[in-house]
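No letters, just coordinates:
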């Protein structure tokens, strides 16, 4: 669990860097965020959309069932991030450069 918390903290710090223009923002993040807004895993908390319950509300989770807990728009803006689900709402599968997640599927079409 300590590694997961450290990873979440790293992601939170990086999101501040993107907000202040220090770090790169992913191309097409608006499309990814729009997909998140329509997802059944989306949870709205204090006016912010999350992929499932916010991470600190549920640390132990299975991303394909519970979401990852990240704020949707911040996750969409992060280069290299992936959706935990594929287009059929099943767990996404990644093998090296190949990924079946919703975001990768739309970018390949």
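Great, that's in hand. Everything quoted here is computed from the prediction, not taken from an experiment. Numbers count the residues shown, from 1 in each chain.

Point out where the chain drops to low pLDDT.
Where the chain drops to pLDDT under 70, the residues are 1-3, 5, 8, 16, 108-109.

where do the helices sit along it?
Secondary structure of the chain by DSSP state H: the helices cover 2-19, 29-37, 63-66, 72-77, 102-108.

among these, which is the most enclosed?
Greatest average neighbour count among these goes to helix 72-77 (a mean of 23), per mean count of other Cβ atoms under 10 Å. The way it works is simple: take the backbone N, C-alpha and C, and place the C-beta from them, glycine included.

next one: that one to chain centre, how far?
With Cα atoms, centre = their mean, to the nearest Å as the basis, helix 72-77 stands 6 Å off its chain's centre.

Excluding its own residues, what touches it? List them.
11, 15, 18, 25-26, 29-30, 32-33, 36-37, 42, 48-51, 68, 81, 103 (Cβ atoms under 8 Å, 6 or more residues apart in numbering).

Recalculate using a threshold of 6 Å.
With contacts defined as Cβ atoms under 6 Å, 6 or more residues apart in numbering, helix 72-77 is touched by 15, 18, 25-26, 29, 32-33, 36, 49, 51, 81.

want to throw those into TSV with distance to residue 87?
As requested, the contacts of helix 72-77 are arranged in TSV below (distance: Cβ to Cβ, whole Å):
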residue	distance to residue 87
15	26
18	27
25	24
26	19
29	19
32	13
33	17
36	14
49	20
51	16
81	17
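
Thank you, goodbye.
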